[in-house]
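> Have a look at this fold, sequence not included:
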């Protein structure tokens, strides 16, 4: 590579300010690996969880966050088939994406169709495939079912609203503030509750007194126990994040109130299956290219990762943010 690769890395857990530019020494890709020159890198709450120390670091000495990115294959290691230099590709995998380039196992990489830009791909590999497992695997949504989806104006929420609309379900979202509520409604949600103005539990009881088939909750501490109370009998709560903090007061016996089901899925347990990864990305990219899902993307320089993290944690973002090396 002509330019020295670099990353936004941390040597200790903490706030956004721990992310600092660090030069990288990048070797040639090993057997089964490809080297990718990144063009766009997705930003997600899981990056903040790792940076803050909420999730344990894979290397205690240094963390390079980032779980989704797109770019161009710049070198190919021994034994790799199906990928070559110059291919446009994308991936999702925990950590190490906040870099201008990296080596990665080819098994995690998918080729991009011509109709998918680098920015779009980096916005949807984690968030779009998360939506896919939420709606198809964690709970298999059927037309006419009723859904409550928290953080409806976030990156996953905006994709989910459109995907649920394509399935034909009755979706209600929650978001903070009139602008975010309007944004969510313009992305497929039938109704959106402004949780800053009213209690979402009381609001949903007025809207859907019989309860929801499923509640999708990535907020955690502030919402989970109330989310359970929004379910119909035998309903399912899918918890896939904890942006407000870890839930510490939940008990298994809480499920007895309505014979509820609860699950805590993790994307990478799905994407580790190559067949699932290929099916999921093909379905996701197809929905984007035929216009049923549109992606709202904002870009920022990779070197501003600390500010982007601060804005994300401060609830000052909507849609998807990508970092550009």
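Received it, and whenever you're ready, just let me know what you need. Predicted model, so just to flag it, every value in this text is computed and none were measured.

> When you work out contacts or count neighbours from here on, use the C-alpha atoms and nothing else.
Noted.

> could you give the mean pLDDT of stretch 8-17?
The average pLDDT within stretch 8-17 is 98.

> Centre of the chain to that stretch, how far?
21 Å (C-alpha atoms, centre = their mean, to the nearest Å).

> for it, how far is the first residue from the last?
With C-alpha to C-alpha, to the nearest Å as the measure, stretch 8-17 spans 11 Å from end to end.

> what do you get for stretch 77-85?
OK, stretch 77-85 end separation, C-alpha to C-alpha: 10 Å.

> how distant is that stretch from the center of its chain?
With C-alpha atoms, centre = their mean, you get 28 Å for stretch 77-85.

> What count of nearby residues applies to residue 288?
Using other C-alpha atoms under 10 Å, residue 288 has 18 other residues around it.

> Ramachandran angles for it?
The phi/psi pair for residue 288 (degrees, to the nearest 10) reads phi -70, psi -50.

> count of neighbours near the residue lying closest to it once chain neighbours are set aside?
Nearest residue to residue 288 in three dimensions, chain neighbours excluded: residue 294, at 5.9 Å (C-alpha to C-alpha, 6 or more residues apart in numbering). By other C-alpha under 10 Å, 16 other residues sit near residue 294.

> same check, this time on the one 10 residues further on
A count of neighbours around residue 304, defined by other C-alpha under 10 Å, yields 15.

> now the one 5 residues further on
Applying other C-alpha under 10 Å, we find 22 other residues in the vicinity of residue 309.

> Wait, it touches residue 14, no?
No. Distance between residue 309 and residue 14: 11.6 Å, which falls outside the contact criterion (C-alpha atoms under 8 Å).

> any idea how far the residue nearest to the spatial centre of the chain is from residue 117?
Geometric centre of the chain, nearest residue: residue 127, 3.1 Å, by C-alpha atoms, centre = their mean. The spacing between residue 127 and residue 117, counted by C-alpha to C-alpha, is 16 Å.

> Please apply the same query to residue 21.
Taking C-alpha to C-alpha, one finds residue 21 at 26 Å from residue 117.

> How are the helices of the stretch 1-150 of the chain distributed by residue range?
45-52, 118-133 (DSSP state H, counting those that start in this stretch).

> can you count the residues close to the residue nearest to residue 36 when sequence neighbours are not counted?
Distance criterion C-alpha to C-alpha, 6+ apart; nearest residue to residue 36, sequence neighbours excluded, is residue 73 at 4.5 Å. Look at residue 73: counted by other C-alpha under 10 Å, it has 24 neighbours.

> which residues touch residue 73?
For residue 73, the contacting residues are 34, 35, 36, 37, 83, 84, 85, 86, 87, 88, 89, by C-alpha atoms under 8 Å, 6 or more residues apart in numbering.

> Equivalent analysis for residue 320, please.
42, 43, 123, 154, 155, 295, 296, 297, 298.

> tell me how far stretch 301-316 is from the chain's mean position?
16 Å.

> in the stretch 151-300 of the chain, which spans are helices?
Counting by DSSP H, counting those that start in this stretch, the helices of the stretch 151-300 of the chain are 155-167, 178-185, 200-207, 224-229, 267-271, 274-289.

> any chance of the ones you listed in TSV, with mean pLDDT and distance to residue 29 too?
Formatted as TSV, the helices of the stretch 151-300 of the chain follow (pLDDT from 0 to 100; distance: least, C-alpha to C-alpha, whole Å):
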stretch	mean pLDDT	distance to residue 29
helix 155-167	95	32
helix 178-185	96	42
helix 200-207	97	50
helix 224-229	97	43
helix 267-271	97	22
helix 274-289	97	20
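
> Out of these, which one sits most buried?
helix 155-167 (a mean of 24; mean count of other C-alpha atoms under 10 Å).

> now the angle between helix 274-289 and that one, please.
80 degrees (axes from the mean of the first three to the mean of the last three C-alpha atoms, to 10 degrees).

> just to revisit the earlier point, which two of the contacts of residue 73 have the greatest separation?
37 and 83 (14.0 Å; C-alpha to C-alpha).

> higher neighbour count, those two?
The residue with more neighbours, out of residue 37 and residue 83, is residue 37; 24 against 17, by other C-alpha under 10 Å.

> ok, for residue 191, nearest residue in space, not its chain neighbours?
residue 172 (4.8 Å).

> Report the beta-bridge partners for that neighbour.
In this entry, residue 172 is beta-bridged to residue 148, residue 191, by DSSP bridges.

> which ones are touching it?
By C-alpha under 8 Å, 6+ apart, the neighbours of residue 172 are 146, 147, 148, 149, 189, 190, 191, 192, 193.

> How much space separates it from residue 230?
For residue 172, the distance to residue 230 equals 11 Å [C-alpha to C-alpha].

> and residue 145, how far is that from residue 63?
Taken as C-alpha to C-alpha, the span from residue 145 to residue 63 is 42 Å.

> which intervals of the protein have sub-threshold pLDDT?
1-2 (pLDDT under 70).

> 90 instead?
1-4, 154-155, 242-246, 296, 315-320 (pLDDT under 90).
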